[in-house]
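Participant: Fold the following for me, if possible:
(one chain, ligands or ions: 1)
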Amino acid sequence: MSKTVIIIGGGIGGLATANLLQKAGYTVHVYEKNAQLGGRAGSRTINGFRYDTGPSWYLMPEVFSRYFAQFGRHVNDELGINKLTPAYKVFFESHDPITIHGNLKKDAQQFELLEPGAGEALTRYVEEGDEIYQLALRYFLYTDFSQLHTLLKKEVIFKSTKLISLLTQPLHTRVQKFVKTKALQQILEYPMVFLGTSPFKAPSMYSLMSALDFREGVYYPKKGMYSIIELLVTLGKELGVQHHTKSAVKQITVKNGKSSGVVFENGDTMAADIIISNADLHFTETSLLTPTARSYPEAFWEKKEAGISALLLYIGVKGKLPQLEHHNLYFIDNWKENFNDIYAKKNIPNEASLYVSRTTATDPTTAPKGHENLFMLVPLPTGVALSKKQQDALAARCLDTFATAIGEPNLRDKIVSQEQFGPADFKDTFHAWKGTALGMSHELSQSALWRIPPKSKKVSNLYYVGANTMPGIGLPMCLISAEVVTKKILKEHRS
Ligand SMILES: Cc1cc2nc3c(=O)[nH]c(=O)nc-3n(C[C@H](O)[C@H](O)[C@H](O)COP(=O)(O)OP(=O)(O)OC[C@H]3O[C@@H](n4cnc5c(N)ncnc54)[C@H](O)[C@@H]3O)c2cc1C
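Facilitator: Sure, this is the predicted structure:
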């Protein structure tokens, strides 16, 4: 008889692991507390506007292709993955807008026009970033670092001096050596927000992020990001995975260092041979397990950085905004102060750098005819209470700032639909630790081999998958996490 696996949480990591294990011969049940599968990568329709609730950048396309190829599926064809041209547009407080094409030659020419020498510097920065990225793909991403000797490859040893300097130097210090113009520095530094960290804290190895947008390009599935989740679920159903929504797990039952199953909020129980938690790791450890079964008790988390929270605005606008591309960023002059507010001082910022997507640029069906679909993300500190009044005021400030930046002073009057999702919603909806939007941040002490490994240290058949565990935050990273935990389980508990 095949072994039974319970996966707590139907985020991308949980869904992806379920498919891999079901294919390997296990009987897999996914239990998700909410009504919708996908977790942070959800979908909502509000007043005729359709939104991807969280992720909007499809990066690292080869990771998606690799995952689905294991099931004989061609994700690029099935989801209609297209390169966005241009990749994105950046608006500044004190600089003319800059459009990034995702074509290194073209983008280098543009950098060169703004700062002599910056074209060659960008090319070098991106090529070096790509070298790190390829090295990471080969040796550091698809591993749980449990066998460090396997990393002692000639190529890694040869590059170890450079790797150590990339690990110990903050990204901002490295960027400064390549370009001097503040706007260009900001363009090379903003991707740190995707990793829940700051360019003044993140190790320079994350310069690999610029290889993703400048060299590889930014992609988008024809029907939006939620189609990735739909494909994972369809595939799971074909394989025999059993998905259960509105099924919140209340406890992981542990006896003598082994789990026998779970207890649900409604009192029901379910036995299993293997438990995998895709739920927030702080919540899993400090709420689902009794103190003796915790590998990471509260004292562990007190020393860790929860990354960023966010205020999300789902906006519907009457009329057209052709000055916007699909992805848009707005950077304020007080760049460092804004990061300091979020990461160090934990202040609600007065003014903030912003991200805004306009999916109607690529898919007009995401809004009623004659309207635009906007999604705004305002990065915020974690663990800070924000009253409804404060949140409304922040939303209004950010909308006004963005309206000025894009030359649309009456933007607020054109808004016909608006909903917010703030730090408290992250906490309530996903049990997110300190209301984090992304999970544990990617500073050095929480990256690579220092990130939480995919297995409990106290419970022999309890595993973890998702953004808080290795390798980290982001949809492709969670697909990798699914492969890493599956490999570990297959090694330890072959069905
Ligand atoms: C605003 C935003 C923008 C982002 N942008 C991007 C982007 O552009 N590109 C990108 O690649 N990534 C992006 N990300 C990151 C990416 O979305 C996440 O890293 C990824 O979706 C996390 O997946 P996960 O597998 O860790 O699980 P999650 O999505 O965190 O799902 C975990 C699930 O567990 C469930 N759960 C919790 N407790 C229980 C319980 N007790 N019982 C049952 N179920 C439970 C939760 O309800 C949730 O559904 C973004 C994230 C956010 C929030």
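Participant: For the rest of this, base every contact and every neighbour count on C-alpha atoms.
Facilitator: Fine.
Participant: what helix or strand is residue 485 on?
Facilitator: Assigned by DSSP states H and E, residue 485 belongs to helix 475-492.
Participant: Now do residue 386: how many residues are near it, please.
Facilitator: 14 (other C-alpha atoms under 10 Å).
Participant: measure residue 212 to residue 329 for me?
Facilitator: Distance of residue 212 to residue 329, given as C-alpha to C-alpha, to the nearest Å: 17 Å.
Participant: For these two, indicate the residue with more neighbours.
Facilitator: Taking other C-alpha under 10 Å, residue 212 and residue 329 do not tie; residue 329 has more neighbours (23 against 20).
Participant: Domain map for the protein?
Facilitator: Following automatic domain parsing, the chain resolves into domains at 4-40+226-304+440-492, 105-209, 309-381+387-421.
Participant: what's the first-to-last distance across the last one?
Facilitator: Right, the one you point to is domain 309-381+387-421. 11 Å.
Participant: again, but for the longest one
Facilitator: Its first and final residues considered, domain 4-40+226-304+440-492 spans 14 Å by C-alpha to C-alpha.
Participant: Run the contact check for it versus the ligand.
Facilitator: Yes. Judged by C-alpha under 6 Å from any ligand atom, domain 4-40+226-304+440-492 comes into contact with the ligand through 8-14, 31-34, 38-40, 247-250, 278-280, 466-467, 473-476, 478.
Participant: and that domain, average pLDDT?
Facilitator: Taken as a whole, domain 4-40+226-304+440-492 carries a mean pLDDT of 97.
Participant: Which stretches in the stretch 201-350 of the chain count as helices?
Facilitator: 208-211, 226-239, 281-283, 298-302, 335-340 (DSSP state H, counting those that start in this stretch).
Participant: just those: most buried one?
Facilitator: Ranked by mean neighbour count, the helices of the stretch 201-350 of the chain are led by helix 208-211 with a mean of 24 (mean count of other C-alpha atoms under 10 Å).
Participant: Please list the outside residues in contact with that one.
Facilitator: 126-133, 188, 191 (C-alpha atoms under 8 Å, 6 or more residues apart in numbering).
Participant: touching the ligand at all, that helix?
Facilitator: No. Figure legend: helix 208-211 not in contact with the ligand (C-alpha under 6 Å from any ligand atom); closest approach 11.7 Å.
Participant: Using CSV, list the CA coordinates for that helix.
Facilitator: Output in CSV follows, covering the C-alpha atoms of helix 208-211 (Å, rounded to 0.1, in the frame of the first residue of the first chain):
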residue,chain,number,x,y,z
LEU,A,208,22.3,37.9,-10.2
MET,A,209,18.8,39.4,-10.0
SER,A,210,19.8,42.0,-12.7
ALA,A,211,20.9,39.1,-15.0
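Participant: Quick one: distance of that helix to the chain centre.
Facilitator: 15 Å (C-alpha atoms, centre = their mean, to the nearest Å).
Participant: can you tell me how far residue 327 sits from residue 216?
Facilitator: 16 Å.
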